[in-house]
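Undergrad: Next input, structure requested:
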Amino acid sequence: MSVRINGTTGVTTPNLTATTKVTTADLANTGNYNGGQLGNRNLVINGAMVFDQRNSASAISSLGQYTTYTLDRWQYYSDQAGKFSFQQNQSSVTPPAGFTKYLGLTSLSAYSLGANETVSISQHVEGFNCAQLNWGTSNAKTVSLSFWVRSSLTGTFSGVLAGGQNYIYTYDISSANTWEYKTITVPGSTTGTWNTGNTSGVRVFFTLGYGSGQVGTANAWQSADFAASGSVQVIGTSGATFQITGVQLEVGNTATPFEHKSYGDELVKCQRYYEIIGNWSSTSQFYAFPIFKARSMSIGIPVHFRVQKRATPSITSYDRLGTTTGVFTQISNGTNLAIQYGPSSDVNGVYRTQHATQPVSVTESAYGLKITVDAEL
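TA: Here you go, the predicted structure:
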């Protein structure tokens, strides 16, 4: 297909009518066509809630205090422990058309938060990925947030885009236990300091509860507020449910259909922040490593990550069953050998010096372990 570019009238393609044009001003503002680039336009990772490396879709009966990761890249935060349960596809609700998974939460009691307490689901967008927004400058770009949401409660709900400033947005759920599609347009922030490196750049919040000291003005950039006054508090109703999927944050003032990336591409994006080495769902599948014997009581274990990590990660090692930390397993007899020293790691891999509590035989054919690699924001 040919494309004709006319500096005066804009860009015209054979499939568009003579009056349908994208002006050069449009291109300067968005860098793309139709308000968002044609590929890789969604700044959110795992917006379709497909990946759950940590839990393998198992139910979590009570989420802890402060930060807990649920599905890949989706962080739960609460100043109080034990207020929500969680599961991928919790309650087996049929997802909206075009989706197979969703993130589901249920309130475990009716709770009134203290003045400065909050509870939310959120995702950090890495600064490298949102640097294109030019937030904090006069060239700040408008973004569109879109998602599918379902709740047992109705009314006006809150969320926040946060970073160098906070922007409280609201959306209405009009029908209980019904999937509804929401779009929010947010003008770019022209002030504040916004990270553009490998730290958190923009954070996308969905508010589940807030204290009286966390209330701000909706639809305006401000310093540090969390929710709109009078919006629904999911934590305030025992048994209340909240389900979400199809989350997309993109450049432009119009939300486009959800960008379904390939399964492999999205998994790689998730693994930049968190990776499991060894198969947690199988006791017989683990990471078997070559032996580099240093002396009779120690061996070295080289581990190469599948994906370069965002930053030097924290490493947790387990036995081959994935149940006991700080050990590795001698496969021939199932003996767990203690790790006395931690790893030396970078963003590409780790070389662990594993010291056993008993001599390690050079004639052993296999040792194994499972490892979690965490470089989350």
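
Undergrad: contacts, neighbours, all on C-alpha from now
TA: Noted.

Undergrad: Buried residues, the lengthiest helix in the chain. List them.
TA: Identified as the longest helix of the chain according to DSSP state H is helix 263-271. Neighbour-count burial for helix 263-271, counted by 16 or more other C-alpha atoms under 10 Å, picks out 266-267, 269-271.

Undergrad: Beyond that helix, next helix or strand please.
TA: strand 274-277 (DSSP states H and E).

Undergrad: Taking the centroid of this protein, which residue is nearest it?
TA: Using C-alpha atoms, centre = their mean, the residue of the chain that lies closest to the mean C-alpha position is residue 73, 1.9 Å off.

Undergrad: follow-up on the earlier one: could I get the longest helix of the chain in PDB with only the CA atoms?
TA: Extracted in PDB, the C-alpha atoms of helix 263-271 (Å, rounded to 0.1, in the frame of the first residue of the first chain):
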ATOM      1  CA  TYR A 263       1.800 -14.800  25.200                       C
ATOM      2  CA  GLY A 264       5.600 -15.100  24.900                       C
ATOM      3  CA  ASP A 265       6.300 -11.400  24.500                       C
ATOM      4  CA  GLU A 266       4.200 -10.500  27.600                       C
ATOM      5  CA  LEU A 267       5.800 -13.200  29.700                       C
ATOM      6  CA  VAL A 268       9.200 -11.800  28.900                       C
ATOM      7  CA  LYS A 269       8.100  -8.400  30.000                       C
ATOM      8  CA  CYS A 270       6.800  -9.900  33.300                       C
ATOM      9  CA  GLN A 271      10.100 -11.800  33.800                       C
END
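
Undergrad: So what touches it?
TA: Helix 263-271 is contacted from outside by 45-46, 51, 72-73, 306-307, 309, using C-alpha atoms under 8 Å, 6 or more residues apart in numbering.

Undergrad: Report the rounded mean pLDDT for that helix.
TA: Averaged across helix 263-271, the pLDDT comes to 98.

Undergrad: Then stretch 328-346?
TA: 80.

Undergrad: So which of the buried residues of helix 263-271 is the closest to residue 80?
TA: residue 270 (27.3 Å; C-alpha to C-alpha).

Undergrad: circling back: now go through the contacts of helix 263-271 and say which are in strands.
TA: Using DSSP state E, no member of those falls in strands.

Undergrad: TSV for those residues, including distance to residue 156 and pLDDT?
TA: Shown next, in TSV, are the contacts of helix 263-271 (distance: C-alpha to C-alpha, whole Å; pLDDT from 0 to 100):
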residue	distance to residue 156	pLDDT
45	26	98
46	25	98
51	29	98
72	27	98
73	26	98
306	42	92
307	40	95
309	38	97
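
Undergrad: Got a ChimeraX select line for the buried ones in the residues you listed?
TA: This is the ChimeraX syntax for the buried subset of the contacts of helix 263-271, where burial follows 16+ other C-alpha under 10 Å:
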select :45,46,51,72,73,307,309
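
Undergrad: Let me know the closest of the contacts of helix 263-271 to residue 335.
TA: In terms of C-alpha to C-alpha, no member of the contacts of helix 263-271 lies closer to residue 335 than residue 306, at 27.7 Å.

Undergrad: which residues touch that closest one?
TA: residue 271 are the contacts of residue 306 under C-alpha under 8 Å, 6+ apart.

Undergrad: For it, give its distance to residue 90.
TA: 30 Å (C-alpha to C-alpha, to the nearest Å).

Undergrad: go on, residue 323?
TA: Distance from residue 323 to residue 90, by C-alpha to C-alpha: 25 Å.

Undergrad: and what of residue 140?
TA: 38 Å.

Undergrad: Could you count how many residues lie near the closest residue in space to residue 82 that isn't next to it in sequence?
TA: In this structure, residue 82 finds its nearest non-sequential neighbour in residue 62, 4.9 Å apart by C-alpha to C-alpha, 6 or more residues apart in numbering. Counted with other C-alpha atoms under 10 Å, the neighbours of residue 62 add up to 15.

Undergrad: In this structure residue 62 contacts residue 78, no?
TA: No. The criterion here is C-alpha atoms under 8 Å, and residue 62 misses it with residue 78 at 11.6 Å.

Undergrad: Can you give me the domain boundaries for this protein?
TA: 1-30, 66-271, 274-374 (automatic domain parsing).

Undergrad: so where do the helices sit in this structure?
TA: Going by DSSP H, the chain shows helices at 24-30, 127-130, 263-271.

Undergrad: What is the second one packed up against?
TA: Read that as helix 127-130. If contacts are counted by 3 or more C-alpha pairs under 8 Å, 6 or more residues apart in numbering; DSSP states H and E, helix 127-130 sits against strand 200-210.

Undergrad: Now tell me what touches the strand it packs on from outside.
TA: 113, 115-131, 157-163, 194-195, 226-227, 232-236, 377.

Undergrad: List buried residues within those residues.
TA: Here, 16+ other C-alpha under 10 Å leaves 113, 117-127, 129-130, 157-163, 194-195, 226-227, 232-236, 377 buried among these.

Undergrad: Is residue 87 bridged to anything, and to what?
TA: residue 104 (DSSP bridges).

Undergrad: Got the confidence number for the closest residue to residue 349 other than its chain neighbours?
TA: Counting by C-alpha to C-alpha, 6+ apart, residue 349 lies nearest to residue 304, which is 4.3 Å off, once chain neighbours are set aside. According to the per-residue confidence, residue 304 scores 86 in pLDDT.

Undergrad: In terms of neighbours, single out the busier of residue 323 and residue 90.
TA: Between residue 323 and residue 90, residue 90 has the larger neighbour count (other C-alpha under 10 Å), namely 21 against 12.

Undergrad: which residues does that one contact?
TA: 59, 103-105.
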